[in-house]
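In: Provided below for reference: sequence and predicted model.
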Amino acid sequence: PSGTMALDMHPAFAGGEALRQWASGIQRMGMDLVTVSEEGLWMDAENAAGDVEPALIHADGTVQTFDIWPSGSSSPADGVAVEQGIVVVGTTPEGRQLIHLDPAQPPRQITHLVRSGSGQAPVFVGTTFGLVAFDGGVVFDAVLDGADASLWRWNASTDEVLRLSTTVMNPGDDMGPIEHNGRLWFSCVTMANGAEPCSTDGTVNGTHVHEIVAGWSGSLPRAAVPFLEGVAILADDGNGTALHRLTIEGHALLHDPLPSGDADSGRYGGLLVDEQRLVFVAHDGTSGHELHGWCHGSMTQAWIIWP
């Protein structure tokens, strides 16, 4: 279209011709990996032979390719930027593992995960919780015990790979991770508590289950956003799904659109927060599912002033 310029023709791209030649030999790109770091744009790319490996397009247009698995297709996915390069999940002779990609170094496998009991190679790594760059490392999920995922962390400084909890299962299955105030907040399942919100500071002792409703049924958290020192969360306290405040010290009900029943909050859409209010979809018993807003000024001192 008028006013646009082909990527390989941009004056800042000294390697534009090399980029064009590389792209002409690629069948597909960006299927499961597209992420940006200080080094440039990373993506997965499939060549004419069907081999899918990562590639890095530098700011000047030059292309750097990586071969994680020389004798196969690594099919990299779920890349996150770290201090140097990115970390991806890729296929190796040991199954799906975490791989560190640094433009100054060859690809390096940083995990050697195996399935419990059988010792077989893992297939599902980073598929639900994903990979989250956090506090000098990467927190991720891996299915190593039966069909349930567990929570792990790679420490970039020590290269240690540690399971963060032996009881927390399926992290992020109902509610993906949210980083706030030095913690990751997410949903999880335990045998004793069912589905509840959980959080971690990246250590074993700092990984907790936050029980909103007693018993195995769980509070089935649906959505959360950063709020004060913890999160605001839509969860079921036994009287229906409503808006709660959650910190590592405990929880409190903020607003229930239908105190006499289940408002089914968060069934549609998620949870939004701005300077004045928290907004979500709920059923008040008369109007069907509609937008509801709860003003948080009494807690945050962010008051709405009407003229």
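Out: On my side now, so go ahead.

In: starting at the chain centroid, how far to stretch 273-280?
Out: Computed by Cα atoms, centre = their mean, to the nearest Å, the chain-centroid distance of stretch 273-280 equals 22 Å.

In: quick one: buried residues of it?
Out: By neighbour count on 16 or more other Cβ atoms under 10 Å, the buried set for stretch 273-280 is 273, 278-280. The way it works is simple: take the backbone N, C-alpha and C, and place the C-beta from them, glycine included.

In: what ranges does the stretch 151-300 of the chain have for its helices?
Out: For the stretch 151-300 of the chain, applying DSSP state H, counting those that start in this stretch gives helices covering 297-300.

In: tell me the mean pLDDT for the longest helix belonging to the chain?
Out: With residue count as the measure and DSSP state H as the assignment, the chain has helix 16-24 as its longest helix. In this model, helix 16-24 has an average pLDDT of 83.

In: elements contacting it?
Out: Counting contacts by 3 or more Cβ pairs under 8 Å, 6 or more residues apart in numbering; DSSP states H and E, helix 16-24 is packed against strand 63-65.

In: which of the buried residues of stretch 273-280 sit farthest apart?
Out: Using Cβ to Cβ, the buried residues of stretch 273-280 span at most 9.7 Å, a distance reached by 273 and 280.

In: dump stretch 165-181 to PDB, keeping only the CA atoms.
Out: Extracted in PDB, the C-alpha atoms of stretch 165-181 (Å, rounded to 0.1, in the frame of the first residue of the first chain):
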ATOM      1  CA  SER A 165       5.700 -27.600  45.200                       C
ATOM      2  CA  THR A 166       4.900 -31.300  45.500                       C
ATOM      3  CA  THR A 167       1.200 -30.600  46.200                       C
ATOM      4  CA  VAL A 168       0.300 -27.900  43.700                       C
ATOM      5  CA  MET A 169      -0.900 -29.300  40.400                       C
ATOM      6  CA  ASN A 170      -2.100 -28.000  37.100                       C
ATOM      7  CA  PRO A 171      -0.900 -24.400  37.700                       C
ATOM      8  CA  GLY A 172      -2.600 -21.800  35.600                       C
ATOM      9  CA  ASP A 173      -5.200 -24.200  34.200                       C
ATOM     10  CA  ASP A 174      -8.200 -22.000  35.200                       C
ATOM     11  CA  MET A 175      -6.400 -18.700  35.700                       C
ATOM     12  CA  GLY A 176      -3.100 -17.800  34.100                       C
ATOM     13  CA  PRO A 177      -0.200 -16.300  36.000                       C
ATOM     14  CA  ILE A 178      -0.300 -12.600  37.000                       C
ATOM     15  CA  GLU A 179       2.900 -10.900  38.300                       C
ATOM     16  CA  HIS A 180       2.400  -8.400  41.000                       C
ATOM     17  CA  ASN A 181       4.300  -7.200  44.100                       C
END
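
In: pull the helix or strand with minimum mean pLDDT from the protein.
Out: Counting by mean pLDDT, DSSP states H and E, the weakest-scoring helix or strand in the chain turns out to be helix 297-300, with a mean of 76.

In: any regions of the stretch 1-150 of the chain where pLDDT drops low?
Out: Counting by pLDDT under 70, the stretch 1-150 of the chain shows low-confidence ranges at 1-15.

In: again, but for the stretch 201-307 of the chain
Out: Using pLDDT under 70, the stretch 201-307 of the chain drops low at 301-307.

In: quick one, strands of it?
Out: With DSSP state E, counting those that start in this stretch, the ranges of strands along the stretch 201-307 of the chain come out as 208-209, 223-227, 230-236, 241-246, 251-255, 271-273, 277-283, 289-295.

In: packing partners for the least confident helix or strand of the chain?
Out: The criterion is 3+ Cβ pairs under 8 Å, 6+ apart, and there are no helices or strands that helix 297-300 contacts.

In: buried sites along stretch 208-220?
Out: Taking 16+ other Cβ under 10 Å as the basis for neighbour counts, the residues of stretch 208-220 that come out buried are 208-213, 218-220.

In: and that stretch, end to end?
Out: Taking Cα to Cα, to the nearest Å, the span from the opening residue of stretch 208-220 to its closing residue is 16 Å.
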